[in-house]
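Colleague: return a 3D structure for these sequence lines:
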Amino acid sequence: MKSICNATLAVLVVMSLAGCASAQRQSDIALDRSAPNTDYGIITKPDGFEIEVEYARYQFIPESEAIATACKSQLLALAYQYADSEKRQIEPINEQRISFSMGRNGLSGTTTCRAHGVAIWK
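Modeller: Take a look at the predicted model:
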């Protein structure tokens, strides 16, 4: 009986770990700022800045495309918001140049996206 319980426990642990995937970091930027469903970080450079966001939200039915779109939108919105706070303008950010990674925790139902982009001052 004890071996059956141990085997069952081992199977449950493996299944729970297999169901979890996390979005991979896209840079070394510390995510020290926060917005709704989003943590983000910015590193300034002489010609602009880099921004990385982590967007996460619960979804009963996974819709990765919706999360990816929201993640990119958050990155763009926060980049322009930061530029406004610096009283400067940035060149338009090409969405094709935004790198991102997706992950899902099957136990909690949370889908996560990490995205990284570069903004150049005008």
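Colleague: worst-scoring helix or strand of the chain, pLDDT-wise?
Modeller: helix 2-18 (a mean of 51; mean pLDDT, DSSP states H and E).
Colleague: can you list the low-confidence ranges for the chain?
Modeller: In the predicted model of the chain, residues 1-28 satisfy pLDDT under 70.
Colleague: which residues in it form helices?
Modeller: Secondary structure of the chain by DSSP state H: the helices cover 2-18, 64-85.
Colleague: so how far is the longest one off the chain centroid?
Modeller: Per Cα atoms, centre = their mean, to the nearest Å, the displacement of helix 64-85 from the mean C-alpha position of its chain is 10 Å.
Colleague: do stretch 106-119 as well
Modeller: For stretch 106-119, the distance to the chain centre is 3 Å (Cα atoms, centre = their mean).
Colleague: may I have that stretch as CSV, with CA atoms only?
Modeller: The C-alpha atoms that make up stretch 106-119 are tabulated as CSV, following Å, rounded to 0.1, in the frame of the first residue of the first chain:
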residue,chain,number,x,y,z
GLY,A,106,-1.5,24.9,-15.8
LEU,A,107,-2.2,24.6,-12.1
SER,A,108,-3.0,28.3,-11.5
GLY,A,109,-4.4,29.0,-15.0
THR,A,110,-2.1,32.0,-15.4
THR,A,111,-0.6,32.8,-18.8
THR,A,112,2.5,34.9,-18.8
CYS,A,113,4.4,36.9,-21.5
ARG,A,114,7.7,38.6,-21.2
ALA,A,115,8.6,41.2,-23.9
HIS,A,116,11.6,43.4,-24.6
GLY,A,117,11.9,46.4,-26.9
VAL,A,118,14.3,49.2,-27.6
ALA,A,119,13.1,52.9,-28.0
